[in-house]
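In: Here's a sequence, model it:
(2 chains)
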Amino acid sequence: MNEHVTAWLDAYQDGELRPSQRRKVEAHLAECSACREELAARQALSAWLRDLPADLPLTPSERFTAQVMLRLPARRTPVASTPPNLLPWALPLILLLAWGLLQAISILNAWLQLGVSSGWLSHLLPGLRPAGSNSLWVGLLSALGGAAPAPGLQPVLHWLLQADRWLGDWLGVLTWQGRIIFLYWLWLAFCLLRHPRTPSVPSKTNGTLLA
Amino acid sequence: MEITPLSAQDADLVHRAQQGDRSAFAELVRRYHPGVVGVVYRLCGDLQLAEDAAQEAFIKAWLNLNTYRPLMPWRNWLYRIAINAALDTLRRERHLRSLNATSDVRDGQSDPQAHLEQKEREIRVRQTILALPPATRAVLVLREYGGLSYREIAEALDIPLGTVMSRLSAARQRLREQLAPWLALQEVTS
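Out: Next up, the predicted model:
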């Protein structure tokens, strides 16, 4: 190792080098007087610094402690050991899934309407009723299954169709980006109502000075 | 690069303090008061200011105890708060108080000449340290007077390990340049 190890000397002096690095530095120091002198100068400086009087005339610990305790606020909230609140993370996911479901219904419905009105779907599924019928979904199921769905299922299918129309009326004017923004605002409003601002930044009163 | 573990007794005190036990916190204050004041004193060069900043630090520690996690040694966490409190105080005051007010720490020495030289050296060293930029000074003080490892300093000041090394190296280089005449004199006399 012929190159000087000046850059390593501080860490070497402080015992901060890994064993392999330390061995390299020691091997170099054994044969380089310039680096030995450099190290000696650094050690002298550290010794000098640490030789500053440590026996400061401190306020006695009992008095200092009493002064601190007098200034402490009456009571702070103990650490709560409650499990993490998953709702803030789950809600956007639920909203997104709900939005996706409604979109899928809407797209599927439009696709069915198109298929029925153009005739090719009616050709494939003769039992399907014409476009615009309130029981399009019922007709589709009947065509696919060869029989009318169970009576209990009919209101559900009817509701799906109504929901799609409602969506078409109220949200159809918005673009899909607008729907996402709407859901996001809804989420923000929820968060603000649920979590009033309580900053709990611990110790770093000024990050810019030390960073 | 060893991390100082939190002693079992300290861990118990911290845990009780986190539950709101004031007497446990008082014990922590008693234990760490000299260390915190010592480090802050090296940083600001004024004992009164150091004790004020240490008080502020302990109060902030109490207020933020619920954010403390034992992954970081308690001492480092406390030093971090104390150093920031000291820098805040210095910034508010916008000046450093006279060093002479705090330099007569070792009165009563038998040899007046040696005492004078000692005082002069102390003042010079302190002035040189105080002339360093605050961020660099904080690293130097935590290493030389706080005894923290590089990794602990990085954690305490929330800076990368490489920054600790470069700042420490720069601080020492600056001190060696500034104190060269005194260091040379010491070599001659010793």
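
In: What is the least confident helix or strand in chain B?
Out: helix B:100-103 (a mean of 44; mean pLDDT, DSSP states H and E).

In: What's the first helix or strand after that helix?
Out: Using DSSP states H and E, the helix or strand that follows helix B:100-103 in sequence is helix B:112-130.

In: what comes up buried for that following helix?
Out: Buried residues in helix B:112-130, counted by 16 or more other CB atoms under 10 Å in any protein chain shown: B:118-119, B:121-122, B:125-126, B:128-130. For the C-beta atoms, the positions are set from N, CA and C on the backbone; glycine is no exception.

In: do the same with stretch A:67-74
Out: Buried, per 16+ other CB under 10 Å, within stretch A:67-74: A:68-69, A:72.

In: near chain B at all, it?
Out: Yes. Taking CB under 8 Å from any CB of the partner chain as the criterion, stretch A:67-74 and chain B are in contact, through A:67-69, A:71-73.

In: Just the mean pLDDT for that stretch, thanks.
Out: Summarised as a single mean, pLDDT over stretch A:67-74 is 85.

In: So for whichever helix or strand residue B:17 is part of, what gets flagged as buried?
Out: According to DSSP H and E, residue B:17 maps onto helix B:8-18. Across helix B:8-18, burial judged by 16+ other CB under 10 Å covers B:10, B:13-14, B:16-18.

In: Can you give the distance of it from its chain's centre?
Out: From the chain centre to the centre of helix B:8-18 is a distance of 23 Å (CA atoms, centre = their mean, to the nearest Å).

In: Stretch B:165-172 too?
Out: Distance of stretch B:165-172 from its chain centroid, counting by CA atoms, centre = their mean, is 16 Å.

In: now do stretch B:36-53
Out: For stretch B:36-53, the distance to the chain centre is 7 Å (CA atoms, centre = their mean).

In: Can you classify residue B:34 as helix, strand or coil?
Out: Put simply, residue B:34 is helix when judged by DSSP: H, G, I helix; E, B strand; the rest coil.

In: Who's the closest spatial neighbour of it, skipping the chain neighbours?
Out: Spatial nearest neighbour of residue B:34, chain neighbours left out: residue A:58 (6.1 Å); criterion: CB to CB, 6 or more residues apart in numbering or on different chains.

In: Kindly report the same for residue A:67.
Out: If the residues on either side of it in the chain are set aside, residue A:67 comes closest to residue B:55, at 6.3 Å by CB to CB, 6+ apart.

In: Can you tell me the element the one you found falls in?
Out: Assigned by DSSP H and E, residue B:55 falls in helix B:47-63.

In: ok, then the element right after that helix?
Out: With secondary structure assigned by DSSP H and E, helix B:47-63 is succeeded by helix B:74-93.

In: shaky segments in chain A?
Out: Along chain A, the model assigns pLDDT under 70 to residues A:1-2, A:53-55, A:74-89, A:91, A:121-154, A:164, A:167-177, A:179, A:194-211.

In: Could you list the domains of it?
Out: Listed by automatic domain parsing, the domain ranges of chain A are A:6-50, A:87-194.

In: Could you list every helix and strand in contact with the lengthiest helix in chain A?
Out: Taking DSSP state H as the criterion, chain A has its longest helix at helix A:87-118. The elements that helix A:87-118 packs onto, with contact taken as 3 or more CB pairs under 8 Å, 6 or more residues apart in numbering or on different chains; DSSP states H and E, are helix A:120-124, helix A:136-145, helix A:153-170, helix A:176-194.

In: could you list every residue that touches the residue sitting nearest the centre point of chain B?
Out: Nearest to the geometric centre of chain B sits residue B:39, at 1.8 Å (CA atoms, centre = their mean). The neighbours of residue B:39, taking CB atoms under 8 Å, 6 or more residues apart in numbering or on different chains as the test, are B:79, B:82-83, B:141-142, B:145-146.

In: Throw those into TSV and include pLDDT, thanks.
Out: Listed next are the contacts of residue B:39 as TSV, based on pLDDT from 0 to 100:
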residue	pLDDT
B:79	88
B:82	88
B:83	86
B:141	89
B:142	89
B:145	85
B:146	83
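
In: Contacting chain A as well, which ones from those?
Out: Checking the contacts of residue B:39 against chain A (CB under 8 Å from any CB), the matches are B:83, B:145.

In: How far does stretch B:77-89 sit from its chain's centre?
Out: For stretch B:77-89, the distance to the chain centre is 9 Å (CA atoms, centre = their mean).

In: Give me the residues contacting that stretch.
Out: A:202-206, A:209-210, B:32, B:35-36, B:39-40, B:43-44, B:49-50, B:52-54, B:56-58, B:60-61, B:64, B:68, B:134, B:138, B:141-142, B:146, B:148, B:155-158.

In: where does chain B have low pLDDT?
Out: In chain B, residues with pLDDT under 70: B:1-6, B:93-111, B:185-190.
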